[in-house]
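[1] Please work out how this folds:
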Amino acid sequence: MDIEGNSLTGTELIVLKYIQENPGCHLRKIRKEVHVSMGSVQYFLGKLENKGKITSQRKGLHKHYFPSGIFEENEKEILRFLTRETDREIIFTIIENVNPTQTDIKRALRISSSAINWHLRRLIDSEIIVEERDRKYKRYRLSSKVNSSYIGNLLKNYYPNIWDKWSNRLAEMFLSLSSSKKTKKQDEKNSEDK
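    Modelled structure (predicted):
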């Protein structure tokens with residue numbers, strides 16, 4: 001991405017570059033990674049926003065920052081969730097386990113039901129996932145506005161480290177499915193031979 005230097009200071013450039021490389025990041029993450037005091041980061045974020053170099057999106061207590069003119073609102077919303085580990089893991093679990101229940105998600109993430117419920121509510125309210133009734137269970141899937149390849153492209157382009165981990169995880173999942181199918185076919189063949 002092009003960094004226009006028109007009167008940006010060294011620290012401003014560092015903060016801008018960090019936001020360009022980590023869209024959807026929030027104040028504390030920027031402060032931690034850029035190694036600047038909280039007051040200085042707030043000051044430079046304000047200057048960059050006033051100059052039109054970045055935009056912000058406030059959700060709840062957090063404000064998330066994005067380079068200007070690059071992302072649609074729905075992309076900002078998805079990136080905001082993908083920057084948080086628990087939300088990201090829930091999304092990945094929903095993709096990996098087609099239409100999981102809350103219990104399935106809880107088992108995969110190993111966190112409390114109330115925490116899972118809180119995260120699911122936020123993802124539903126943001127229209128990233130959908131909750132569907134299946135008799136006595138509630139099942140979750142990505143909304144029609146979002147699909148796994150869309151999420152994959154955002155990760156690949158803006159969070160390559162997370163993309164690498166996720167793609168390795170998916171490859172392992174497909175390999176294990178493939179080997180279990182081979183084992184099942186071999187068992188069926190063995191039982192027919194008897």
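[2] Remind me what whichever strand or helix holds N157 packs against, helices and strands.
    Counting by DSSP states H and E, the element that carries N157 is helix 148-158. The contact analysis (3 or more CB pairs under 8 Å, 6 or more residues apart in numbering; DSSP states H and E) places helix 148-158 against helix 73-82, helix 85-96, helix 160-193. To be clear about C-beta, it is placed using only N, CA and C from the backbone, and glycine gets the same treatment.
[3] Going by mean pLDDT, which of these comes out lowest?
    Among these, helix 160-193 carries the lowest mean pLDDT, at a mean of 64.
[4] list the contacts for the residue positioned nearest the centre of the chain?
    Among the residues of the chain, L82 comes closest to the average C-alpha position under CA atoms, centre = their mean, at 1.5 Å. Going by CB atoms under 8 Å, 6 or more residues apart in numbering, L82 touches G24, R88, I91, I151, L154, L155, Y159, I162.
[5] one more time with 6 Å, if that's ok
    R88 (CB atoms under 6 Å, 6 or more residues apart in numbering).
[6] For K156, see how far away it is.
    L82 sits 12 Å away from K156, going by CB to CB, to the nearest Å.
[7] Averaging pLDDT per element, find the lowest-scoring helix or strand in the protein.
    When each helix and strand of the chain is scored by mean pLDDT, DSSP states H and E, helix 160-193 comes last, with a mean of 64.
[8] Now do the domain split for this structure, please.
    10-70, 76-142 (automatic domain parsing).
[9] Next, count neighbours for K136.
    6 (other CB atoms under 10 Å).
[10] Dump the helix holding N157 to PDB, keeping only the CA atoms.
    Extracted in PDB, the C-alpha atoms of helix 148-158 (Å, rounded to 0.1, in the frame of the first residue of the first chain):
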ATOM      1  CA  SER A 148     -15.600 -19.300   3.900                       C
ATOM      2  CA  SER A 149     -13.700 -18.300   0.700                       C
ATOM      3  CA  TYR A 150     -14.500 -14.600   1.400                       C
ATOM      4  CA  ILE A 151     -13.100 -15.000   4.900                       C
ATOM      5  CA  GLY A 152     -10.200 -16.900   3.500                       C
ATOM      6  CA  ASN A 153      -9.400 -14.200   1.000                       C
ATOM      7  CA  LEU A 154      -9.400 -11.500   3.800                       C
ATOM      8  CA  LEU A 155      -7.100 -13.600   5.900                       C
ATOM      9  CA  LYS A 156      -4.800 -14.400   3.000                       C
ATOM     10  CA  ASN A 157      -4.500 -10.800   2.000                       C
ATOM     11  CA  TYR A 158      -4.400  -9.100   5.400                       C
END
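[11] Mind checking the pLDDT average for that helix?
    Mean predicted confidence for helix 148-158 is 82.
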